[in-house]
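Engineer: Please find the sequence and the predicted model below.
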Amino acid sequence: MNNARTPMAVRSPCVKVCQMDPVTQLCLGCSRTQEERDWWVAYTDIQQREVLQRCEQRREVLASGKGTFAPSMGIVESRRRVED
């Protein structure tokens, strides 16, 4: 039996509250920037995990009222393999 693990896809942080806060420029539901929302499917798994970490940091800043938001991942060149 093969014990190799199949990597699990990174789940989107979307909670179906897709509204941008005009002050913070973050999604009220998931704390992603507009670029991070738009480019989510183009990000690699590693980049998606980085976005999730940034979202967590942003939620902590929002909750505490202290600190600055992690910058947006922005637009990236897709590194996902295209199936033929």
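Structural biologist: Here it is on my side, so go on.

Engineer: For the closest residue to Q34 other than its chain neighbours, give its distance to R32.
Structural biologist: Using CB to CB, 6 or more residues apart in numbering and skipping residues adjacent in sequence, the residue nearest Q34 is M20, 6.2 Å away. For every residue, glycine as well, the C-beta is placed using N, CA and C. To R32, M20 is 10 Å away according to CB to CB, to the nearest Å.

Engineer: Let me see the contact set for the residue nearest to Q34.
Structural biologist: Each residue near M20 by CB atoms under 8 Å, 6 or more residues apart in numbering is listed here: 26-28, 34.

Engineer: What residues are bridge-paired with it?
Structural biologist: C27 (DSSP bridges).

Engineer: Quickly note the distance from it to E77.
Structural biologist: For M20 relative to E77 (CB to CB), the value is 25 Å.

Engineer: What of R11?
Structural biologist: 23 Å.

Engineer: does V10 really touch L52, like I thought?
Structural biologist: Yes: with contact defined as CB atoms under 8 Å, V10 counts as touching L52 (7.2 Å).

Engineer: Between R11 and E77, which has more neighbouring residues?
Structural biologist: Neighbour count, other CB atoms under 10 Å: between R11 and E77, R11 has more, with 8 against 5.

Engineer: what about that one, distance to Q48?
Structural biologist: As judged by CB to CB, R11 and Q48 stand 9 Å apart.
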